[in-house]
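Q: Show me the folded form of this:
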Amino acid sequence: MDRISELQTQYSSSFDKRKICSYDIEQINEPTKSIMHQESRFLFFTSGKGIIKINDVPYEVKPNSCVAIVPWVITEVTKVEEPMQFIKIVYNFNFLNRNIKTAYIDAKEQFNLFNEISNSPMIYCNEFEAKNFIKIMDDIKTEVGIESILDVKQEKILTNVFITNKIMEMLIWYIRIEQKVDLSTENNENPGFDERAVIFKYLYSHLSEKQTLKSVSSLFFMSESSLSKYCQKVTGHSFHDLLNEMRLVKTMDFLMYSDFSLNIIAELVGFNDASHLSKFFAKRIGTTPNQYRKINQNVVNMLNPEESNITYELIGHISNLFTENINEVETAKEFNMSVVEMNRILLYTIEKNFDEFIRYLRINYACELLKSTEENILDIAVTVGYNNAKTFNNHFLKLKGMTPSKFRKTVEIQYDYD
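A: Numbering: from 1, shown residues only. As a prediction, the model looks like this:
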């Protein structure tokens, strides 16, 4: 898989950046180049036979098979026995993921849409299931038109809500079918599987943790030079350029589909602060984040306006007091809401509940102190809000994959995102 992959656009539509979804019909007649996808998509094959590699794992393509692709996955059609025609639905993953979490948050089960799809990227439908998929896709086509012929539909009332519900319906069908027959075990045992392919998935889903070449290479048991060369060979980008590309894509999503402040967006995508984000964004896009938002914003927010205002206050409150003896019961009471309601809002906004957010803030602050001061580890633990070193060490190990002592000795914090 060490060939440069074509990097596809981050937008759901080629002519309207604000669209959260597009519909098209395509046909593959011969093997394709390796492609890295910046946006999610469904490929529902209506005819044809062949082989498609997804992150270097081969899957058989036949009528009524469906591929689900999440951002930063690499695909390549390696064999075409019969021309393969398929319906393509491209959708904004981050937007849909936040919305489905909001609807799902009261359930007891833990649910990770990104992992659920990326671990099983291919399903095979029976006739009944195929008809359901095609019906949903036809509904989407009627709403948004056909992308390749610039079939622009006049926007109807609540179009984005309608499309959101249809994509959610497709995701639910996909996951239910996938759970009936788990293909992941067979594919993971494939002797040709390149474990390095999951690196891009890991980077994209952990942007907020400010990854470095050293920390990621250590996690995947590679040398820094090997990881750097692999990124360059597969994507055509250096490790840092690839991270910045991922940050840029996610920043654009937040600017178009949320009302989050630049400080919150910077935290979520891994920039040091709003200033770093703005400088990088203007350099790459040629306009400021606020100007970009004004031109392209298309908000469909699952939080009501009152919740949106409270959200910013809540996150700011926790961010200011995380080193103190703060707990979720008292915090929820201060904002006149239940603990469940507070965690729903936090999970929607930052994909972390109260306890996870506190740990995240404390451990990241501890990382800065470990590298910028000579304080002993117990003093740092107390400074960031812990009562004892044991809990601090356990949380640090869980979040960073190493002890505080090892982090201090081996990891360099990188703040340059230019």
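Q: Tell me which residues are up against stretch 263-275.
A: Contacts to stretch 263-275, defined as Cβ atoms under 8 Å, 6 or more residues apart in numbering, come from residues 207-211, 243, 247, 250-251, 254-255, 258, 260-262, 276-277, 280, 289, 312, 315, 349-350, 415, 417. Heads up, the C-betas are built off the backbone N, CA and C, glycines and all.
Q: For these, which ChimeraX command selects only the ones that are buried?
A: Under the burial definition 16 or more other Cβ atoms under 10 Å, those of the contacts of stretch 263-275 that qualify are selected in ChimeraX by:
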select :207,208,209,210,211,243,247,250,251,254,255,258,260,262,276,277,280,289,315,349,350,417
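Q: and the contacts of stretch 263-275, which of them are in helices?
A: 243, 247, 250-251, 254-255, 262, 276-277, 280, 289, 312, 315, 349-350 (DSSP state H).
Q: Between all of these, which two are separated the most?
A: The two members of these with the most space between them (Cβ to Cβ) are L243 and Y312, at 26.5 Å.
Q: State the distance from P83 to S47.
A: Distance, P83 to S47, using Cβ to Cβ, to the nearest Å: 7 Å.
Q: tell me what the strand or helix carrying N160 is packed against?
A: Here N160, judged by DSSP states H and E, is contained in helix 159-180. If you count contacts as 3 or more Cβ pairs under 8 Å, 6 or more residues apart in numbering; DSSP states H and E, helix 159-180 packs onto strand 21-28, strand 73-91, helix 93-104, helix 113-118, strand 122-124, helix 127-144.
Q: Repeat the analysis, applying 7 Å as the threshold.
A: helix 93-104, strand 122-124, helix 127-144 (3 or more Cβ pairs under 7 Å, 6 or more residues apart in numbering; DSSP states H and E).
Q: got the buried residues for the second one?
A: Residues of strand 122-124 classed as buried under the neighbour-count rule (16+ other Cβ under 10 Å) are M122, I123, Y124.
Q: Considering those, which is situated nearest to E374?
A: M122 (52.9 Å).
Q: Give me the domain ranges for the chain.
A: Domain segmentation of the chain under automatic domain parsing yields 6-188, 194-302, 316-418.
Q: For the closest residue to Y386 other than its chain neighbours, what is the enclosing helix or strand?
A: Of all residues not flanking Y386 in the chain, F392 sits nearest, at 4.1 Å (Cβ to Cβ, 6 or more residues apart in numbering). Per DSSP H and E, F392 falls inside helix 389-400.
Q: Now do the following helix or strand past that helix: everything it contacts.
A: For helix 389-400, the following helix or strand on the C-terminal side (DSSP H and E) is helix 404-410. Identification of contacts with helix 404-410 by Cβ atoms under 7 Å, 6 or more residues apart in numbering yields A366, C367, L370, K371, I377, N393, F396, K400.
Q: which one of these has the most neighbours?
A: Counting neighbours by other Cβ atoms under 10 Å, F396 leads the contacts of helix 404-410 with 28 neighbours.
Q: can you pull the contacts of that residue?
A: By Cβ under 7 Å, 6+ apart, the contact set of F396 is I363, A366, T403, P404.
Q: Tell me the one among the residues you listed nearest to P31.
A: Using Cβ to Cβ, the contacts of F396 come closest to P31 at I363, 45.8 Å.
Q: Low-confidence regions, the stretch 201-350 of the chain specifically.
A: Along the stretch 201-350 of the chain, segments meeting pLDDT under 70 span 296-309, 348.
Q: how near is E147 to I87?
A: Distance, E147 to I87, using Cβ to Cβ: 11 Å.
Q: More neighbours: those two, which one.
A: Between E147 and I87, counted using other Cβ under 10 Å, the more crowded position is E147 (24 against 20).
Q: Look up phi and psi at the nearest residue to C125 once chain neighbours are set aside.
A: Spatially, and ignoring its direct neighbours in sequence, C125 is nearest to N64 (4.5 Å; Cβ to Cβ, 6+ apart). Main-chain torsions, N64, degrees, to the nearest 10: phi 70, psi 20.
Q: do the one 5 residues further on as well
A: Here the main-chain torsion angles of I69 (degrees, to the nearest 10) amount to phi -120, psi 130.
Q: That one: how many residues sit nearby?
A: 23.
Q: Make residue 1 into 2 and carry on from there
A: Will do, 2 is the new start, and the previous item becomes I70.
Q: That one contacts I36, doesn't it?
A: No - assessed by Cβ atoms under 7 Å, I70 is found out of contact with I36, at 9.4 Å.
Q: got any residues that touch both of the two?
A: Common contacts of I70 and I36, defined by Cβ under 7 Å, 6+ apart, comprise T76.
Q: Relative to K181, how far out is E128?
A: E128 is 15 Å from K181, where distance means Cβ to Cβ.
Q: let me fix that: L214
A: Taken as Cβ to Cβ, the span from L214 to K181 is 41 Å.
Q: same check, this time on K410
A: 48 Å.
Q: For the residue nearest to C126, give me its contacts.
A: Listed by Cβ under 7 Å, 6+ apart, the contact set of N65 reads Y125, C126, A131.
Q: For E82, see how far away it is.
A: For N65 relative to E82 (Cβ to Cβ), the value is 16 Å.
Q: Fine by me, thanks again.
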